[in-house]
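> Quick one, what's the 3D model for this:
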Amino acid sequence: MRLADTAAPVTGPDRPPLVTFDTDPSRYRHWTLAFDGPVATLALDTQEDGGLHPGYTLKLNSYDLGVDIELHDAVQRLRFEHPEVRAVVLTSGKDGVFCAGANIRMLNQSSHGWKVNFCKFTNETRNAIEDASAHSGQVWLCAVNGAASGGGYELALACEHVLLVDDGASAVSLPEVPLLGVLPGTGGLTRIVDKRKVRRDHADFVCTVAEGVRGARAVEWRLVDELAPRSRLAEAARARAEELAARSDRPDGAAAVPLPPLDRELAGDRLAWPHVTVELDRAAGVASFTVHGPREPQPADLDGIHAAGAGWWPLAVARELDDAILLLRFNELELGTWVLRTEGDPGSVAAVDEALLAHAGDWFVREVALHLKRTLKRLDLTSRSLVALVEPGSCFTGTLLELALAADRTFMLEGGFEGFQAPPPALWLTGMNLGPLPAANGLSRLGSRFLGRPDELEAVSGRLGEPLEAVEADALGLVTFTYDDVDWADEVRLALEERASLSPDALTGMEASLRFGGPETIETKVFGRLSAWQNWVFQRPNAAGEEGALRRFGTGTRPKFDPRRV
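So this is what the prediction gives:
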């Protein structure tokens, strides 16, 4: 994680310094990792003067984006670099305080776009913790050793088990409504009701009193799982961690898979990694992604896959695409349309997918598939219009076909371009399209596409491993429009220009609503609220106005609320 030099080539003279998301434990300023057999301890101890930007201090273990970037890195490294770790204890390195949540002065001086992207990234990191507990055999528990307020309590809520120190003073609270005039922005409302099954009237009380709930009542109301006196908190957390670790299927004696720094070039209007390139057209408001299939033969056996490590194509491409998404989210807000292309040999991607499926029970292969899933979810949840272009040389196969299935619209060329010596483009489905990479609603993207249309889903699912050219792909419902080479350029240009002419706010709300049909999940509720309610509430005068709660927090002056409900 860093703020790039002011001469960073991807920024202009009037653009802020670039925020990047690369870090490692040797550079952590706010977190410490310790290991003891199958149990790791991750402790938050924010450095007050270590904010990502000047103008605020990180008091009381409050956090900003820089703190969360380190947490995100720690979650990833624990999963790949520490196969021996079966349980993670999350706690605080400060006596008497767990975490005060997001730093309010940071929020006050941030743009609205920064606030929303910050909340979204924070949520995704909490989701990654929950994903590790649910699917990786690496269960997280939280030892709350002091006051846990707002986002601090929401960090605890991401863990599978929560211990609260029983000292008569420490409480868990979600004080955003009474103190700030906003909502618990990283999923607090949803997690206490849907995840912890807190009764609605109890949740209403918790969310409208600033002091929160402590002790026996916190356990009775299911806000935490158990209490421990301060003298026994660490001992109780260790005992519970060992119990949870004993249930894990992570292997003994497995070799770690190091995650080296990404090979990334930022030059002018181009961002490049070995397998992902992004061209930036700021005049048109378009970022054009090209994701490359394997350039070299990939191993099919477990020994070869483990030997490849972070260089194994599906992990490498997941890390690079994830990095590209985050870089553009925070640094290129005006590029409202992302065009998705692929290149490569469909057979090579299909072979990798076969390996992913054949070795799904291996801890490392499982982690790679889960990383692909999280990266594709991050793409789904990005507030950008997504347009996929299927052209000669494309490689929308299996795992890479998910990019087209994630798109708001997919255009496919019929036949080829005149004078271009390449076969007509085709889509190829693999078993990776049938469930291993679910979206936030818990369904495969094919399942979402054919929601309530089982016959059409069955027809598509029966075509695995077949090249589906434009006419067949259209007939099966896999693309939005097909065009021949005469109309292709004009139709694509007009579609992108039309998109750019629409209200970005309306598009954000529309896309967030349309992408996740079917069942509601904790994730769709959380991110739906971030895209709609949180966007709205954060900008209302009662929160952000001169006399609003955010502006007056910490000044000693009470906010003045407009009492009208709208």
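> Need the per-residue pLDDT for the residue sitting nearest the centre point of the chain.
Centroid-nearest residue in the chain: residue 124, 3.4 Å away (criterion: Cα atoms, centre = their mean). Note on residue 124: pLDDT of 96.
> who's in contact with it?
Residue 124 sits next to 72, 374, 377-378, 381 when contact means Cβ atoms under 8 Å, 6 or more residues apart in numbering. For the C-beta atoms, the positions are set from N, CA and C on the backbone; glycine is no exception.
> Confirm that it sits in a strand.
No - read with DSSP: H, G, I helix; E, B strand; the rest coil, residue 124 is helix and lies in no strand.
> Number of residues surrounding residue 559?
Residue 559 has 20 neighbours, counted by other Cβ atoms under 10 Å.
> Pretty sure it sits against residue 549.
Yes - counting by Cβ atoms under 8 Å, residue 559 touches residue 549, with 4.1 Å between them.
> For the stretch 351-500 of the chain, which segments count as strands?
385-390, 409-413, 481-483 (DSSP state E, counting those that start in this stretch).
> Parallel or antiparallel, which strands does the shortest one pair with?
By that I understand strand 481-483. Strands that pair with strand 481-483, judged by DSSP bridges, come out as strand 409-413 (parallel).
> Need the contact partners of the strand it pairs with.
So strand 409-413 is contacted by 386-392, 404, 424-425, 427, 470, 473-474, 478-485, 488, 491-492, 495 (Cβ under 8 Å, 6+ apart).
> Now for residue 224, how many residues are close by?
Number of residues near residue 224 (other Cβ under 10 Å) recorded here: 27.
> so who does it touch?
Contact analysis of residue 224 by Cβ under 8 Å, 6+ apart lists 144, 156, 162-164, 172, 218.
> Likewise for residue 377?
Residue 377 makes contacts with 124, 127, 439-440, 523, as judged by Cβ under 8 Å, 6+ apart.
> farthest pair in these?
Farthest-apart pair in the contacts of residue 377 is 124 and 439; separation 13.5 Å (Cβ to Cβ).
> With adjacent residues omitted, what lies nearest to residue 251?
Leaving aside its sequence neighbours, residue 251 sits nearest to residue 363 (Cβ to Cβ, 6 or more residues apart in numbering; 5.6 Å).
> Distance of residue 172 relative to residue 198?
Using Cβ to Cβ, to the nearest Å, we find residue 172 at a distance of 11 Å from residue 198.
> hmm, back to that, in JSON lines: the strands of the stretch 351-500 of the chain, plus mean neighbour count and mean pLDDT.
JSON lines is the format used below for these (neighbours: other Cβ atoms under 10 Å; pLDDT from 0 to 100):
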{"stretch": "strand 385-390", "mean neighbour count": "24", "mean pLDDT": "98"}
{"stretch": "strand 409-413", "mean neighbour count": "22", "mean pLDDT": "98"}
{"stretch": "strand 481-483", "mean neighbour count": "17", "mean pLDDT": "98"}
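> Let's have the ones you listed in TSV, adding distance to residue 115.
Listed next are the strands of the stretch 351-500 of the chain as TSV, based on distance: least, Cβ to Cβ, whole Å:
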stretch	distance to residue 115
strand 385-390	21
strand 409-413	29
strand 481-483	36
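> bridging residues for the residue nearest to residue 161 when sequence neighbours are not counted?
With sequence-adjacent residues excluded and distances taken as Cβ to Cβ, 6+ apart, residue 161 is closest to residue 141, at 4.0 Å. Residue 141 forms beta bridges with residue 89, residue 161, as assigned by DSSP bridges.
> Could you report the neighbour count for residue 141?
23.
> same deal with residue 294?
Burial of residue 294 is recorded as 20 neighbouring residues (other Cβ under 10 Å).
> so how far is stretch 241-258 off the chain centroid?
Distance of stretch 241-258 from the chain centroid (Cα atoms, centre = their mean, to the nearest Å) equals 24 Å.
> give me phi/psi at residue 172?
The phi/psi pair for residue 172 (degrees, to the nearest 10) reads phi -110, psi 140.
> Tell me which residues touch it, please.
Contact analysis of residue 172 by Cβ under 8 Å, 6+ apart lists 144, 148-149, 153, 156, 164, 206, 212-214, 218, 223-224.
> Over to residue 263?
273-274.
> distance of it from residue 436?
Applying Cβ to Cβ to residue 263 and residue 436 gives a distance of 27 Å.
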